[in-house]
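**Student:** coordinates only, sequence not included:
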């Protein structure tokens, strides 16, 4: 039950939909939606199907059987991401101070990473 209530609220908020807007789509009262989101009541199978259409997702995701929208990383992967982010921050800081290529695209390679900076379009790609 806790998974369902958390998923409904999470999916609704991720889509930028208010309780009132979702209630209109589902033709239910705000009180009913509130009881689902707080775990006081569970939606019926038909309500779950209607929710899946309204939230543009599957019933499996709502009930927690499908986790394709979840991203799971290991501690080692998280550590590598943090290190790469830190290194990118140092490089970007240096570039901001001493960039003779303002408005042009430049490539920087280092530490087996490639950073492509396009100041004109305000884009940074890190590979």
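**Tutor:** Happy to help now that I have it. Note that the structure is predicted; figures quoted are calculated from it, not measured.
**Student:** From now on I want contacts and neighbour counts done on CA atoms only, so please keep to that.
**Tutor:** Fine.
**Student:** For residue 58, which non-adjacent residue is closest in space?
**Tutor:** residue 52 (5.1 Å; CA to CA, 6 or more residues apart in numbering).
**Student:** so what secondary structure elements neighbour the helix or strand the one you found falls within?
**Tutor:** Assigned by DSSP states H and E, residue 52 belongs to helix 45-54. Counting contacts by 3 or more CA pairs under 8 Å, 6 or more residues apart in numbering; DSSP states H and E, helix 45-54 packs against helix 19-26, helix 59-63.
**Student:** Tell me where the chain has strands.
**Tutor:** For the chain, the strands defined by DSSP state E occupy 105-110, 113-118, 123-126.
**Student:** tell me the domain ranges of the protein?
**Tutor:** Using automatic domain parsing, the domain parsing of the chain gives 2-63, 75-126.
**Student:** ranking the ones you listed by mean pLDDT, which is last?
**Tutor:** Lowest mean pLDDT within these: domain 75-126, a mean of 65.
**Student:** Could you report the neighbour count for residue 18?
**Tutor:** By other CA atoms under 10 Å, 11 other residues sit near residue 18.
**Student:** for residue 50, that is, sorry about that
**Tutor:** So residue 50, with other CA under 10 Å, has 18 neighbours.
**Student:** Now for the residue nearest to it when sequence neighbours are not counted: which residues touch it?
**Tutor:** Among residues not flanking residue 50 along the chain, residue 26 sits closest, at 6.6 Å (CA to CA, 6+ apart). Neighbour list for residue 26: 50, 51, 54 [criterion: CA atoms under 8 Å, 6 or more residues apart in numbering].
**Student:** Please tabulate those in JSON lines and include distance to residue 4 as additional columns.
**Tutor:** Below are those laid out as JSON lines (distance: CA to CA, whole Å):
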{"residue": "50", "distance to residue 4": "14"}
{"residue": "51", "distance to residue 4": "11"}
{"residue": "54", "distance to residue 4": "15"}
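**Student:** burial measure for residue 11, as a count.
**Tutor:** With other CA under 10 Å as criterion, residue 11 counts 18.
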